[in-house]
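# Sequence isn't available, so here's the structure alone:
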Ligand code: IVH
């Protein structure tokens, strides 16, 4: 932008309308250049500035929001849809086997069909059945040219751009024997740890929480904005293929080994067996490992190893005759619902927890299960005294699947969800957002006067990513709170000076001594100086997780500036609010949660007390005057002088942006030994590639 635009606060309605029209046109044009032509003509920062300005004007003049507003579109393709892909070879489903007998039958059927004698060897591969979604990747001369979802098996969707962001999927195949054309198929999925991270991130952004890793993976892959997919750490296992000009083997095992050599992840648990007893033993072994695999599986797949036999066996309707899925029994059990407990979280959410008569589910004793929220209880019509079906999947919290209505006692009444907080008696309300949508959660309005929220907030305040006060764990919070030594976070810093709470008094408490007490006070003192983002995170504002706290710290720089701006923003019609809301990465939900937090007197007072006793450090602004500031950098291969995360942190502290894949927007690729497809990508886009040593020179060692 050459000319400094008129401040949003000074725009007349007429100017605003004209400018929104101009911005819609201009942003759409840049979207097209970037996404469709891979040839952007402005920098990311300038593009972001356009979008930010558009949003700021829309906040000020909501009645002027255009139907084609850039804020209403998610990325470029939102208006378009995914293209359709007809699969050259259909993507089939599998028949199921539910017990040993089904497996024996399957093997017998195969033997009969092939006319094998009792002494003829029949080998199968066995591997976990991953609970994700399948994808087909088309490679021409070893280059990924198309990626599609399964769709209805015949026609899928073109999600090439999204699949390209999956780190496990090679853009270029390596090694020998790569055919002119091959479609490699496999499962896209999210691991348990990644799933938790994605949901945490979603929660911080005020976005929808995914019910399970499969849904999260599917939602991620079918994203219209592939930058969102890129943020989701999707994984891939190759286990099948479609059209191929030539196959790299005569057996399933050989082809999968070739896939592995070409650079695909393949499941290390895949094995080859020749008899039913061995297969069943393998099944038991995998069932035993299920909980510790780190990703969801729902059974084991057996496939005839010889490809000529697969060919002869062919298909019945939509499933191959040469393969079957041996499913795990659902990890479910029936038990009695003794009570529904309402727990109050840090931000006041009333969370219903089912108290169960203890029951073993999948080898683990379960006595609590989540009931999610009041709508869920109503939908399932769960009543105290009911017999319920409980389910466990992997490490996920047990859930109530349904009520066994035949076993309902006559006396059981529909559950009435409380409209008052069980901890403080304040009204508990359901929020209604701007679109008139009622939130699923009922929330206590007691704020800091609510003891349940106070405990949880205090625990959050001292937690690892917040103030991280060593030796001040959840246990101590409970004990000190119970003895009325602390009620608010600021009390922690006043402990030493208070009669009855000083080092001597603490040392005299049960489980404490002079040494541990002295240590505690030293730890508290050590945290009187704190980074701004930790301070913001520690406040426990709803939807403000670590990454949002960092964003806020960067944008406002100092605690004083932050608090001043947020107090101003507590009026949602203010300029300060519009500014907060227009920060890239901070959505409406988050901005509103912050505004509401700062609208409360008791929160403002507590912050003032904290700032009195703390020294909150200024946020380190990304540098704008280094050789790499404003540049987008990609690291690839092994870095020998420093680890990846250190390299990334260094680059970012020098004002660079670090990206995961190479595009036309990349300014520089730093390549160490073992660098692969990213080098090719760099060549394709004409991006400069330098060695790690050159990089160190560039940034001054
Ligand atoms: S083989 C022609 N192997 O299960 C057979 N499928 O119920 C191709 N799946 O749509 C499938 N893990 O999404 C195969 N190791 C595995 C699998 C697997 C998961 C899924 C796949 C398929 C579905 C069929």
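Cool, the structure landed. Just so it is clear, the structure is predicted and the values come from calculations on it, not from any experiment.
# Smallest distance to the ligand belongs to which residue of the stretch 1-150 of the chain?
Each residue of the stretch 1-150 of the chain has a distance to the ligand, by CB to the nearest ligand atom, and the smallest belongs to residue 134, at 3.3 Å. For the C-beta atoms, the positions are set from N, CA and C on the backbone; glycine is no exception.
# If I look at the nearest residue to that residue once chain neighbours are set aside, what pLDDT would I see?
Spatially, and ignoring its direct neighbours in sequence, residue 134 is nearest to residue 150 (4.7 Å; CB to CB, 6 or more residues apart in numbering). For residue 150, the model assigns a pLDDT of 92.
# Residue 150 against residue 157, yeah?
No. With contact taken as CB atoms under 8 Å, residue 150 and residue 157 are classed as non-touching, separated by 9.1 Å.
# Which residues of the stretch 1-150 of the chain lie near the ligand?
92, 93, 94, 127, 129, 130, 134, 150 (CB under 6 Å from any ligand atom).
# Which among those count as buried?
Buried members of these, counted by 16 or more other CB atoms under 10 Å: 92, 94, 127, 129, 130, 134, 150.
# May I ask which two of those residues are separated the most?
Using CB to CB, the two most remote members of those are 127 and 150, lying 18.2 Å apart.
# need the next SSE after the helix or strand containing the residue of the stretch 1-150 of the chain closest to the ligand, C-terminal direction.
Residue 134 is part of strand 133-140, with elements assigned from DSSP states H and E. Using DSSP H and E, the helix or strand that follows strand 133-140 towards the C-terminus is strand 143-149.
# For that following strand, which helices and strands make contact with it?
Packed against strand 143-149, as judged by 3 or more CB pairs under 8 Å, 6 or more residues apart in numbering; DSSP states H and E, are the following elements: strand 133-140, strand 155-157, helix 160-164.
# 10 Å instead?
Where contact means 3 or more CB pairs under 10 Å, 6 or more residues apart in numbering; DSSP states H and E, strand 143-149 is packed against strand 84-86, strand 133-140, strand 155-157, helix 160-164, strand 181-189, helix 213-221, helix 677-685.
# Please produce CSV containing these, extended by distance to residue 243 and mean pLDDT.
Supplementary listing: the helices and strands packed on strand 143-149 in CSV, determined by distance: least, CB to CB, whole Å; pLDDT from 0 to 100:
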stretch, distance to residue 243, mean pLDDT
strand 84-86, 11, 90
strand 133-140, 8, 96
strand 155-157, 13, 90
helix 160-164, 16, 93
strand 181-189, 5, 97
helix 213-221, 21, 89
helix 677-685, 22, 88
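# so residue 514 makes contact with residue 502?
No. At 11.9 Å, residue 514 does not count as touching residue 502 under the criterion of CB atoms under 10 Å.
# In what element of secondary structure is the residue positioned nearest the centre of the chain found?
Averaging the C-alpha coordinates of the chain gives a centre point, and the residue nearest to it by CA atoms, centre = their mean is residue 198 (0.8 Å). For residue 198, the enclosing helix or strand under DSSP H and E is helix 192-204.
# export the residues of the stretch 1-150 of the chain next to the ligand to TSV and tack on secondary structure?
Shown next, in TSV, are those (DSSP: H, G, I helix; E, B strand; the rest coil):
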residue	secondary structure
92	coil
93	coil
94	coil
127	strand
129	strand
130	strand
134	strand
150	coil
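# okay if I get these as TSV plus distance to residue 487?
What follows is those, written out as TSV (distance: CB to CB, whole Å):
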residue	distance to residue 487
92	63
93	59
94	59
127	56
129	53
130	49
134	55
150	56
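# Distance of residue 567 relative to residue 577?
Counting by CB to CB, to the nearest Å, the gap between residue 567 and residue 577 amounts to 11 Å.
# what's the overlap in contacts for these two?
Taking CB atoms under 10 Å, 6 or more residues apart in numbering as the criterion, residue 567 and residue 577 both touch residue 595.
# ok, the two, which is more surrounded?
More crowded of residue 567 and residue 577, by other CB atoms under 10 Å: residue 577, with 22 against 17.
# Is the more buried one located within a helix, as I assumed?
Yes. Counting by three-state DSSP, residue 577 falls inside a helix.
# Would you check that it makes contact with residue 595?
Yes. Contact between residue 577 and residue 595 holds when scored by CB under 10 Å: they sit 5.9 Å apart.
# Residues that sit against both of those two, list them.
The contact lists of residue 577 and residue 595 share 566, 568, 569, 570, 571, where a contact means CB under 10 Å, 6+ apart.
# what are the ranges of the strands in the stretch 201-350 of the chain?
For the stretch 201-350 of the chain, the strands defined by DSSP state E, counting those that start in this stretch cover 235-244, 271-273, 297-304, 315-316, 319-320, 323-327, 332-344, 350-361.
# Up against the ligand, what does the protein have?
Within the chain, the positions adjacent to the ligand are 92-94, 127, 129-130, 134, 150, 187, 239-240, 301, 320, 323, 325 by CB under 6 Å from any ligand atom.
# Looking at the chain, which helix is longest?
Longest helix in the chain by number of residues, with DSSP state H as the criterion: helix 13-31.
# Which residue would be the closest one in the stretch 601-701 of the chain to the ligand?
Of all residues in the stretch 601-701 of the chain, the one sitting closest to the ligand is residue 677 (24.7 Å; CB to the nearest ligand atom).
# contacting residues for that residue?
Taking CB under 10 Å, 6+ apart as the criterion, residue 677 is in contact with 142-144, 169-174, 263, 636, 661-662.
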